[in-house]
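Q: After the sequence you'll find the predicted model.
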Amino acid sequence: MCIIAKARCTIASPPGAAPGADPPRATGTARNVGDQASVPARPDSVFSVSQLNALARQLLEDSFPLITVEGEISNFVRPSSGHWYFSLKDDRAQVRCALFRNRNQFLKYRPANGDLVRLRARVSLYEGRGEFQLIGDYLEAAGSGALQAAFERMKAKLAAEGLFDPAHKRPLPTLPQAIGVITSPSGAAVRDILTVLARRFPAIPVYLYPSTVQGDSAAGQLCDALAHANRDRLCDVLIIGRGGGSAEDLWPFNDEGLARAIHASQIPVVSAVGHETDFSISDLVADLRAPTPSAAAELLSPDRQQLQQRLDQLARRLQQQQRRQLQLRQQQLQWLSQRLRHPGQRLQQQAQQLDRLELRLHAALRQRLSQAARELSHRQQRLAQQRPLLRLQQHRQQLTQLQGRLQAGLQRLLLQRQARLTENARALHAVSPLATLERGYAILTDAQGGVISSVGQVSRGDAISARLGDGLLHCQVTALLPHPQPQES
C-alpha cells in the first residue's frame with residue numbers, strides 16, 4: 001500500500017462544515033464491502049485481508065469529499081480499454097491515479113509524462129493490491145483553469161469598456177516608413193521579424209524597443225517600451241509580441257495595464273504573440289492581430305519582388321502613354337500647320353467680314369427705325385381715342401342713362417309694393433277677429449281672462465266679460481240654458 005505524503009491539494013469542505021474542519025471520522029462498526037457484513041471494531045477482532053482492504057476503502061471514500069490534487073504526471077499508461085493510469089508526484093511523494101474512459105473521453109486535454117496537471121478525484125483504495133489511489137473525475141493542465149478564468153474576466157471587463165470595438169481600430173500604413181518592434185532582443189521573435197523584412201523589403205528601417213516578454217516584470221517593461229516608442233515618434237507602426245510558450249509564459253500579454261497602453265497608443269499596433277492558436281488580450285485590443293511575429297512582418301512589409309514587377313509594369317505603361325501622347329501631339333501640330341495662313345490673307349478676310357457686318361448693321365437700323373415709326377403712329381391713334389375729355393363725356397351720358405333707369409325702376413317697384421300691401425291688408429282684415437266682432441259676434445272671457453266656449457265652463461252668478469267690435473261689456477250669469485241635444489232615431 002502506498003502512503004500519501006505531503007502533497008499540495010484543495011479539499012472541498014462538506015456542506016455545513018466550517019472551513020478547515022477535519023474530515024469526519026468513522027465510528028461504530030465497519031462493514032465488509034464484499035458481503036455487506038458488519039465487522040466489530042474491537043481490539044481482539046480478527047480481519048481477513050479482503051475485509052481489511054474493503055474497510056480501508058470504505059473509510060477513505062466516506063472520509064474524503066471530492067478533492068483537487070496538483071502534481072506532475074509519471075508512468076502514464078493508456079491501454080486498449082481506453083482507461084488512463086498514471087501517477088502524480090511532487091518532490092517528496094507520489095500517488096497512483098486512474099481516470100476511466102467514461103470520464104476522459106470528454107476531455108480535450110491529452111496529458112503526457114512530465115506535465116504539471118490538476119486532477120479532481122475521489123480518494124479510494126484498490127482492494128486487489130491494497131494500493132491507495134485516486135479515482136479521477138476531471139483533469140486539466142495546472143494553472144490553465146485559473147489562467148483561463150482570469151483571461152475571461154479580463155476579456156469581459158475590457159470588452160464592456162469598448163477597448164475591443166472595431167471602430168477604434170486604426171488603419172495600418174500601406175508602406176511603412178519605419179517599423180518599431182517591442183520584444184526581447186535575444187528572442188527568436190526579433191530574429192524572425194528581421195529575417196522576413198530583409199527578404200521582403202530591406203529598405204524599411206526597424207527600431208527595436210527591448211523588453212522582457214515573460215515573468216512578473218514583463219508587463220511593466222512592455223508598457224514602458226510602448227510609451228518610449230510613442231514619445232520618439234520614429235515609427236508609423238509597432239509590432240509587440242514574442243514567440244510561442246506556455247500559458248504562464250504568455251501571460252504578461254494579458255495584463256490590463258498593457259491592454260490600456262496599446263489602446264491609448266498614438267501609433268498603430270500589431271500584436272504577434274505566440275503561435276497561431278494562442279490568443280491574448282493584446283491581440284484583441286491591438287489594431288491588428290498577427291498569428292506569429294513572422295506573419296506580422298509579412299503583413300506590414302510589401303514584397304520587394306512584387307513591387308519591382310509593379311514598377312516595371314507602370315514604367316512600361318508610362319512609356320506607352322508617352323509614345324501615344326507624342327504621336328497625338330505630332331498629328332495636332334501637322335493639322336495646325338495646315339490651317340496656318342499668311343496674316344495678309346487673314347486681314348483681307350477680316351476686312352470683308354467687317355464690310356458685311358457694316359451693311360447688316362445699316363439694314364438692321366433702318367428696319368428698327370421703320371418699326372419704331374409704325375409703333376409710334378399706332379400708339380398716337382390709341383392715345384387720341386383715349387382722351388380724358390372724350391372719356392368724361394361718355395361717362396356723363398352713361399350716368400344720365402343710369403339715373404333715368406334707376407328712377408323708372410324705383411317707381412315701378414313702389415307701385416308693385418303698394419298694390420301688394422293693399423291686397424295683403426284686405427286679406428288680413430278678412431280673417432281678423434275684429435271683423436267678425438263688427439258683424440255682431442262677441443268673445444266671452446272669465447275673470448282670469450280665459451275664453452269661454454261652453455256653458456259648462458261657467459256657473460250661475462259668475463262674472464264674465466264680453467268683447468264686442470267697439471268695446472267691452474262686464475256681465476253676470478243669471479241662467480244657464482244649454483241647447484238640447486239631438487236624439488238618435
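A: Arrived safely.

Q: any low-confidence regions in the stretch 101-250 of the chain?
A: 143-147 (pLDDT under 70).

Q: again, only this time at 90
A: Scanning the stretch 101-250 of the chain for pLDDT under 90 picks out 105-118, 126-131, 140-153, 168, 174-175, 187-188, 200-203, 215-216, 243-250.

Q: in it, which spans are strands?
A: 116-126, 131-141, 179-183, 206-210, 237-242 (DSSP state E, counting those that start in this stretch).

Q: One more: the stretch 251-400 of the chain?
A: According to DSSP E, counting those that start in this stretch, the strands that the stretch 251-400 of the chain contains are 269-273, 288-289.

Q: Around residue 212, how many other residues sit close by?
A: Counted with other Cβ atoms under 10 Å, the neighbours of residue 212 add up to 20. In short, each C-beta sits where N, CA and C put it, glycine included.

Q: The closest residue to it other than its chain neighbours and residue 245: what is the separation?
A: Nearest non-adjacent residue to residue 212, counting by Cβ to Cβ, 6 or more residues apart in numbering: residue 218, 4.6 Å away. To residue 245, residue 218 is 11 Å away according to Cβ to Cβ, to the nearest Å.

Q: What of residue 364?
A: In terms of Cβ to Cβ, residue 364 sits 98 Å off from residue 245.

Q: Give me the more crowded residue out of the two.
A: A count of neighbours by other Cβ under 10 Å puts residue 245 above the other of residue 364 and residue 245, at 16 against 10.

Q: which residues sit in contact with that one?
A: Contacts for residue 245 were tallied using Cβ atoms under 8 Å, 6 or more residues apart in numbering; they are 214, 274.

Q: Could you report the separation of it from residue 281?
A: 16 Å.

Q: Just the pLDDT for residue 10.
A: Residue 10 is assigned 28 on the pLDDT scale.

Q: do the same with the one 5 residues further on
A: Predicted confidence (pLDDT) for residue 15: 33.

Q: Need the nearest residue in space to residue 122, chain neighbours excluded.
A: Per Cβ to Cβ, 6+ apart, closest to residue 122 is residue 135, 4.8 Å.

Q: Pairing partners for that neighbour in the sheet, please.
A: Bridge pairing for residue 135 (DSSP bridges) gives the partners residue 98, residue 122.

Q: Spell out the residue ranges of the helices in the stretch 251-400 of the chain.
A: 256-264, 281-285, 293-300, 304-339, 343-385, 388-430 (DSSP state H, counting those that start in this stretch).

Q: Now distance to residue 103 and mean pLDDT too, for those, in TSV please.
A: Output for the helices of the stretch 251-400 of the chain, formatted as TSV (distance: least, Cβ to Cβ, whole Å; pLDDT from 0 to 100):
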stretch	distance to residue 103	mean pLDDT
helix 256-264	36	95
helix 281-285	32	94
helix 293-300	38	92
helix 304-339	54	87
helix 343-385	107	87
helix 388-430	123	88
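
Q: TSV for these, including distance to residue 156?
A: Converted to TSV, those look like this (distance: least, Cβ to Cβ, whole Å):
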stretch	distance to residue 156
helix 256-264	12
helix 281-285	11
helix 293-300	27
helix 304-339	42
helix 343-385	86
helix 388-430	98
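
Q: Just the buried positions in stretch 300-309, please.
A: 300-301 (16 or more other Cβ atoms under 10 Å).

Q: That one: end-to-end distance?
A: 19 Å (Cα to Cα, to the nearest Å).

Q: Stretch 95-112 now?
A: 16 Å.

Q: So for it, what gets flagged as buried?
A: 95-99, 103-104, 111.

Q: Also stretch 192-205?
A: Buried, per 16+ other Cβ under 10 Å, within stretch 192-205: 192-194, 196-197, 200-201, 204.

Q: Dump the residues you listed to CSV, plus distance to residue 156.
A: Below are the buried residues of stretch 192-205 laid out as CSV (distance: Cβ to Cβ, whole Å):
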residue, distance to residue 156
192, 32
193, 32
194, 37
196, 35
197, 36
200, 38
201, 39
204, 38
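
Q: can you tell me which of the residues you listed lies nearest to residue 344?
A: The closest of the buried residues of stretch 192-205 to residue 344 turns out to be residue 201 (Cβ to Cβ; 66.3 Å).

Q: Now that closest one: closest residue in space, sequence neighbours ignored.
A: Per Cβ to Cβ, 6+ apart, closest to residue 201 is residue 301, 4.4 Å.

Q: just to revisit the earlier point, so which of the buried residues of stretch 192-205 is the closest to residue 164?
A: Nearest to residue 164 out of the buried residues of stretch 192-205 is residue 193 (Cβ to Cβ; 24.9 Å).

Q: so what's that closest one up against?
A: Neighbour list for residue 193: 181, 183, 206, 239, 293-294, 296-297 [criterion: Cβ under 8 Å, 6+ apart].

Q: and the gap between residue 164 and residue 279?
A: Residue 164 is 12 Å from residue 279, by Cβ to Cβ.

Q: How far off centre is the one helix or strand residue 464 maps to?
A: According to DSSP states H and E, residue 464 maps onto strand 463-467. Relative to the mean C-alpha coordinate of its chain, strand 463-467 is positioned 100 Å out (Cα atoms, centre = their mean, to the nearest Å).

Q: Next: stretch 170-180.
A: 30 Å.

Q: same check, this time on stretch 469-479
A: 104 Å.

Q: Now that stretch: average pLDDT?
A: Per-residue scores along stretch 469-479 average to 85.

Q: outside of it, which residues touch it?
A: In contact with stretch 469-479 (Cβ under 8 Å, 6+ apart) are residues 434, 437-440, 442, 458-467.

Q: nearest to residue 332, of the strands of the stretch 101-250 of the chain?
A: Minimum separation from residue 332 across those (Cβ to Cβ) falls at strand 237-242, 48.1 Å.

Q: and the closest one, which strands flank it?
A: When DSSP bridges is applied, strand 237-242 pairs with strand 179-183 (parallel), strand 269-273 (parallel).

Q: Let's have those strands in a markdown table, adding distance to residue 91.
A: As requested, the strands paired with strand 237-242 are arranged in a markdown table below (distance: least, Cβ to Cβ, whole Å):
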| stretch | distance to residue 91 |
| --- | --- |
| strand 179-183 | 34 |
| strand 269-273 | 32 |
